[in-house]
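Enquirer: sequence and predicted structure, then a few things I'm wondering about:
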Amino acid sequence: MATTHQPGSSMKDLGWMESPGKISGLPSGLEYLAEIDQLLIHQQIEIFEALTNIDTKNRYAVRNTMGQQVYFVHEESDFWMRICCQSERGYLLHIVDNFGQEVIRVERPFKWCAGCCWFANADCCAWEVNVESPPGNIIGRVRQNQSPWKPYFDIIDASGNSVLKIRGPCCACQEICCRSDVEFNVLSADEGSEVGKISKQWGGLVREWMTAADNFGVSFPRDMDAKVKALMLAAAFLVDYMYFEMDYHVS
């Protein structure tokens with residue numbers, strides 16, 4: 001698994017997806033996304049966090065539909081920010097491939113008053129993540145948009161153009177009485193058609209009630225630009241922190 005992976009380890013032993021080879025014009029590491037139409041994100045359960053209610057750094061395994069690991073994701077954040085701000089903390093997510101090379105970096109700047117959808121037209125009140133691939137090269141960002149109630153997001157490319165819209169449900173939560181998957185629909189820029197989906201999957205009563213370790217599915221057209229697929233992956237993490245990275249129900 002990713003927790004024991006070292007650069008240069010055998011992909012076969014670890015169940016990693018084999019690299020399809022370099023693709024001209026595509027940042028190294030994004031070629032894994034070129035030929036797939038779905039990603040499955042599994043957040044790792046942190047026993048210390050479950051027992052103490054103290055937020056630890058999140059870690060995720062990103063797999064394809066065959067169960068092969070595509071990426072491993074680990075969070076970089078300040079300890080006191082995790083204690084004081086919890087799910088509203090700023091963070092860096094380092095997304096590495098099967099050779100331990102960081103291929104995508106996702107940054108969410110901390111904002112004092114971000115989160116409320118009513119005021120998300122103002123930059124200071126909108127959550128957003130900046131996405132780089134490779135680190136240092138901006139390929140786009142995901143930004144919360146103003147809405148009367150439902151979660152709205154824009155996926156924006158490196159030129160500042162909105163290329164996709166995300167529309168979430170009125171109630172983006174999962175509790176004992178709400179056990180179905182929570183779906184965020186991904187629409188074309190003109191909102192004329194649905195092109196993908198980000199789904200928070202129901203993890204079972206014990207997992208949902210005792211931990212904040214979440215499972216997501218991200219689907220998109222196979223022929224979508226791999227950079228935009230990477231932005232959708234980053235959007236899934238933003239959705240996780242905003243709506244599902246909550247305090248545990250046990251003390």
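Expert: Structure's in. What do you need?

Enquirer: can you give me the strands in the stretch 1-150 of the chain?
Expert: Ranges of strands within the stretch 1-150 of the chain are 38-43, 59-63, 69-76, 91-96, 102-108, 128-132, 138-145, based on DSSP state E, counting those that start in this stretch.

Enquirer: which helix is the longest one in this protein?
Expert: If you go by DSSP state H, the chain has its longest helix at helix 226-239.

Enquirer: angle of that helix against strand 59-63?
Expert: 140 degrees (axes from the mean of the first three to the mean of the last three CA atoms, to 10 degrees).

Enquirer: quick one: mean pLDDT over helix 226-239.
Expert: Helix 226-239 shows a mean pLDDT of 98.

Enquirer: equivalent analysis for stretch 243-250, please.
Expert: Averaging pLDDT along stretch 243-250 gives 62.

Enquirer: now the helices: where do they sit in the stretch 101-250 of the chain?
Expert: All helices of the stretch 101-250 of the chain, identified by DSSP state H, counting those that start in this stretch, fall at 205-210, 226-239.

Enquirer: looking at those helices, spot the one closest to Ile41.
Expert: Of all the helices of the stretch 101-250 of the chain, it is helix 226-239 that lies closest to Ile41, at 5.9 Å by CB to CB. Bear in mind the C-beta positions are built from the backbone N, C-alpha and C, glycine included.

Enquirer: now the strands of the stretch 1-150 of the chain in TSV, with mean neighbour count and mean pLDDT?
Expert: Formatted as TSV, these follow (neighbours: other CB atoms under 10 Å; pLDDT from 0 to 100):
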stretch	mean neighbour count	mean pLDDT
strand 38-43	20	95
strand 59-63	20	96
strand 69-76	20	97
strand 91-96	20	98
strand 102-108	22	98
strand 128-132	22	98
strand 138-145	21	98
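
Enquirer: including distance to Ile198, could those strands go into JSON lines?
Expert: What follows is these, written out as JSON lines (distance: least, CB to CB, whole Å):
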{"stretch": "strand 38-43", "distance to Ile198": "9"}
{"stretch": "strand 59-63", "distance to Ile198": "13"}
{"stretch": "strand 69-76", "distance to Ile198": "15"}
{"stretch": "strand 91-96", "distance to Ile198": "16"}
{"stretch": "strand 102-108", "distance to Ile198": "14"}
{"stretch": "strand 128-132", "distance to Ile198": "13"}
{"stretch": "strand 138-145", "distance to Ile198": "11"}
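
Enquirer: and of the ones you listed, who's closest to Ala189?
Expert: With CB to CB, the closest approach to Ala189 among these belongs to strand 138-145: 12.8 Å.

Enquirer: out of the strands of the stretch 1-150 of the chain, the one nearest Lys229 is which?
Expert: Of all these, strand 38-43 comes closest under CB to CB, at 7.9 Å.

Enquirer: quick check: beta-bridge partners of the nearest residue to Tyr71 once chain neighbours are set aside?
Expert: On the basis of CB to CB, 6 or more residues apart in numbering, the spatially nearest residue to Tyr71 that is not a chain neighbour turns out to be Val62, at 4.1 Å. Val62 has these beta-bridge partners by DSSP bridges: Ile41, Tyr71.

Enquirer: against Ala120, how distant is Val62?
Expert: Distance, Val62 to Ala120, by CB to CB, to the nearest Å: 27 Å.

Enquirer: swap in Val186?
Expert: 18 Å.

Enquirer: hmm, back to that, out of the helices of the stretch 101-250 of the chain, nearest to Gly217?
Expert: Nearest of the helices of the stretch 101-250 of the chain (CB to CB): helix 226-239, 8.6 Å.
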